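J.: coordinates for the following, if possible.
(one chain, ligands or ions: 1)
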Amino acid sequence: MTIYSRIVGTGSYLPSKILTNQDLERMVDTTDEWVFTRTGIRQRHVAADTENSSDLALAASRKAIEAAGIRPQDIGLIVVATTTPDMVFPSTACMLQAKLGTKGCPAFDIQAVCSGFVYGLGAADKFVRSGQYGYALVVAAEVYSRILDWNDRSTCVLFGDGAGAVVLKQDKAPGIMSCHLHADGSYADVLSVPGTVSGGKISGRPLLQMDGSTVFKFAVKALGEVAEEALAANHLQTSDIDWLIPHQANIRIIQATAKKLGLSMEKVVTTVERHANTSAASIPLALDEAVRDGRIRAGQHVLLEGVGGGFTWGSVLIKW
Ligand code: ACO
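T.: Numbering: from 1, shown residues only. Model (predicted):
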């Protein structure tokens, strides 16, 4: 019998502090009008000094575990996608495991920047399909506020903090129909945090830098191609997609992707206006919102697609 994996619970968490574009007008030379017209962003959430990625991950995971109707000790595998881990090691997944009060199951981080959640889901799907684990917890948690130059108006207006989580369960039918993952490391300099820890000091600049227009063009191309790839692999047409949940970086990237696919924006879940770009967390945050408000229903096709630093990009097609 073929084994598949199915999402049986979703959860998310946003820090309580909200930073609006008007707040940013007092910090850098920008305007609400510039940020909104160029990106579609009005506000973002920012973690408290005491909140780390594992804390955001814990809050989102608890909700997903509750929605799945299981206990933390039922989880056979924990995968956390993050670019902003609590520390160099242990992994944020191990920190999360301890905070969930469970032990013994494997726990590891995935580093694929804004594609981290689709990479994590792709990896966990393979483990669940192998029959080894009954339940897997896949989480994406980010505190980008810690890696931004708050004096650089070209980057600090774009990002926010947050976390999203799903519980995967073995099932006789999909569930996850396909995962397609890609990377091209030759673009490393286009979007990076070029710093690390070495010899007891920070080496290089540990703040996000990017070539915005190259990222923009690459994202539109990659998101279009990866959607076509998922549809072709499953012998589906654009009209078969009930919901598209793309990475939430910029509403203009999302609109261009939908247009390329010939998909109405009414079928696209967007949160970028309220959350900004929460990197790996943006897709599970949007997924949880659309599940909880009843937009996503049993039997529907949901296409998740991510693109981010690396470059990395990929899709997960789900029959809900
Ligand atoms: N407020 C006011 N003016 C600004 C701001 C700001 N916050 N930021 C930049 N500007 C200025 C620039 O200095 C430039 O001025 P100049 O013409 O005098 O030099 C002007 O605005 C126009 O800048 P452009 O780069 O041409 O603006 P564009 O329309 O391309 O939008 C943006 C820039 C929003 C960064 C866009 O390129 C973008 O969204 N790129 C994708 C980046 C992204 O999403 N990165 C996230 C990580 S990757 C990912 O998640 C996929």
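
J.: per the annotation, how does the chain divide into domains?
T.: Taking automatic domain parsing as the criterion, the chain consists of the domains 4-173, 177-319.

J.: got a markdown table for those, with mean neighbour count and mean pLDDT too?
T.: C-beta coordinates here come from the backbone N, C-alpha and C atoms, glycine included. A markdown table is the format used below for these (neighbours: other Cβ atoms under 10 Å; pLDDT from 0 to 100):
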| stretch | mean neighbour count | mean pLDDT |
| --- | --- | --- |
| domain 4-173 | 21 | 98 |
| domain 177-319 | 19 | 97 |
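
J.: distance to the ligand for the ones you listed - can I get that in TSV?
T.: Listed next are the domains of the chain as TSV, based on distance: least, Cβ to the nearest ligand atom, whole Å:
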stretch	distance to the ligand
domain 4-173	3
domain 177-319	3
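
J.: can you get me the start-to-end distance on stretch 261-278?
T.: This stretch, stretch 261-278, spans 24 Å end to end (Cα to Cα, to the nearest Å).

J.: give the other helices and strands that the longest helix along the chain contacts.
T.: When secondary structure is assigned using DSSP state H, the longest helix within the chain turns out to be helix 212-233. For helix 212-233, the elements it packs on are strand 176-183, helix 251-261, strand 301-308, strand 312-319, judged by 3 or more Cβ pairs under 8 Å, 6 or more residues apart in numbering; DSSP states H and E.

J.: could I get that helix in PDB with only the CA atoms?
T.: As requested, C-alpha coordinates have been extracted for helix 212-233 and formatted as PDB (Å, rounded to 0.1, in the frame of the first residue of the first chain):
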ATOM      1  CA  GLY A 212      16.000  44.400  -4.900                       C
ATOM      2  CA  SER A 213      15.200  44.500  -8.600                       C
ATOM      3  CA  THR A 214      17.200  41.300  -9.400                       C
ATOM      4  CA  VAL A 215      15.400  39.600  -6.600                       C
ATOM      5  CA  PHE A 216      12.000  40.900  -7.900                       C
ATOM      6  CA  LYS A 217      12.600  39.600 -11.500                       C
ATOM      7  CA  PHE A 218      14.000  36.200 -10.300                       C
ATOM      8  CA  ALA A 219      11.100  35.700  -7.900                       C
ATOM      9  CA  VAL A 220       8.400  36.300 -10.600                       C
ATOM     10  CA  LYS A 221      10.200  33.900 -13.000                       C
ATOM     11  CA  ALA A 222      10.800  31.200 -10.400                       C
ATOM     12  CA  LEU A 223       7.200  31.300  -9.000                       C
ATOM     13  CA  GLY A 224       5.700  31.100 -12.500                       C
ATOM     14  CA  GLU A 225       7.900  28.200 -13.500                       C
ATOM     15  CA  VAL A 226       7.500  26.200 -10.400                       C
ATOM     16  CA  ALA A 227       3.700  26.500 -10.500                       C
ATOM     17  CA  GLU A 228       3.700  25.200 -14.100                       C
ATOM     18  CA  GLU A 229       6.000  22.400 -13.100                       C
ATOM     19  CA  ALA A 230       3.700  21.300 -10.300                       C
ATOM     20  CA  LEU A 231       0.600  21.400 -12.600                       C
ATOM     21  CA  ALA A 232       2.300  19.500 -15.300                       C
ATOM     22  CA  ALA A 233       3.600  16.800 -12.900                       C
END
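
J.: ok, residues contacting the helix or strand that it is followed by?
T.: Scanning forward in sequence from helix 212-233 by DSSP states H and E, the next helix or strand is strand 243-246. When contacts are defined by Cβ atoms under 8 Å, 6 or more residues apart in numbering, strand 243-246 is touched by residues 223, 227, 253-254, 257-258, 261, 263, 267-269, 283, 286-287, 290, 295-296, 300-306.

J.: roughly how far out does strand 243-246 sit from the chain middle?
T.: Here strand 243-246 is found 12 Å from its chain centre; the criterion is Cα atoms, centre = their mean, to the nearest Å.

J.: which residue is nearest the centroid of the chain?
T.: Nearest to the mean C-alpha position of the chain, by Cα atoms, centre = their mean, lies residue 280 at 2.7 Å.

J.: sweet, I'm off.
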